[in-house]
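In: this one's structure only:
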């Protein structure tokens, strides 16, 4: 090969190398320009802002209010963001403050019924047993109501007496001979009185059969009598601001619960076998009293002073059933 031919081949190879390099450079520039003008592309000027992930929470219902459509995350502590991005302030229910009653000025109120209370003696229930008779004297007994205005009274067997829960209940007694009488429970008939047995005053038993019969098969059930006036409250002897016993008298339906008003709300007092509800530490003594019958009705009386062994009339009575 001549010197001229060699030089020509070198020039050809040089042009090929330069052309390839130029082509690669153009290709790189075009690719860069193409990426720059694509939709949605951002230049690497810095880190991009994070987009929060919003999820809709289930509807929640609480004691302080109802929040629906709340989302996470929330932009502030006082508002929650919905799935549409709108802010909804939280709703907080403000508890009502009970109005203070004037001292020694009685106020009474009737509230809506609550869940009926369970016990051995229940409404719309018939019980079987036997009737016996005892000398009732003036009609006082374990319930400590005092003398009875009439002698149509009875003593309930210990099981159904249920720690004085039966005290004041009106019971319709039906004898096997077809006769019947309504009596008020004022006393307890201890063992061997059996469940279902009612020990009637001699005056009440005589309305059903001769006293010589001794034991009379009966059925009996709870009743809610008509006109009996309003109920009364009595503080036990020895009651003060530091200890008190509270008794309900003249109630149409059996009493299931007694509560007193304290600084922290209503407090239920334990019931004794002698038919008083006792506050051993004086909490609530002289404050408002709320009484609930076995049907769940609540009656509230306020403004009663702590007057030991004084019957204080109220202006309320349980509804008839």
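Out: All right, it came through fine. Worth saying up front: this structure is predicted, and the values here are computed from it rather than measured. Residues are numbered from 1 along each chain as shown.

In: Low-confidence stretches in the stretch 51-200 of the chain?
Out: Filtered on pLDDT under 70, the stretch 51-200 of the chain yields the residue ranges 51-117.

In: Which residue ranges of it form strands?
Out: Assigned strands in the stretch 51-200 of the chain, in chain order: 55-56, 60-62, 65-67, 71-72, 79-81, 87-89, 107-111, 126-134, 153-157, 170-175, 180-189, 198-201 (criterion: DSSP state E, counting those that start in this stretch).

In: go on, the stretch 201-321 of the chain?
Out: Along the stretch 201-321 of the chain, counting by DSSP E, counting those that start in this stretch, strands occupy 216-223, 232-235, 244-249, 255-262, 265-268, 277-279, 289-293, 298-302, 311-313.

In: Contacts for the second one, please.
Out: Strand 232-235 is contacted from outside by 244-250, 285, 289, 301, 304, 306-314, using Cβ atoms under 8 Å, 6 or more residues apart in numbering. Where you see a C-beta, it was placed from the backbone N, CA and C, and this is true even at glycine.

In: Dig out what residue 267 forms beta bridges with.
Out: residue 260 (DSSP bridges).

In: circling back to that earlier point, let's have the strands of the stretch 201-321 of the chain in a markdown table, adding mean neighbour count, mean pLDDT and distance to residue 123.
Out: A markdown table is the format used below for the strands of the stretch 201-321 of the chain (neighbours: other Cβ atoms under 10 Å; pLDDT from 0 to 100; distance: least, Cβ to Cβ, whole Å):
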| stretch | mean neighbour count | mean pLDDT | distance to residue 123 |
| --- | --- | --- | --- |
| strand 216-223 | 19 | 98 | 6 |
| strand 232-235 | 21 | 98 | 23 |
| strand 244-249 | 22 | 98 | 18 |
| strand 255-262 | 20 | 97 | 12 |
| strand 265-268 | 13 | 98 | 22 |
| strand 277-279 | 21 | 98 | 22 |
| strand 289-293 | 23 | 98 | 10 |
| strand 298-302 | 22 | 97 | 17 |
| strand 311-313 | 14 | 98 | 26 |
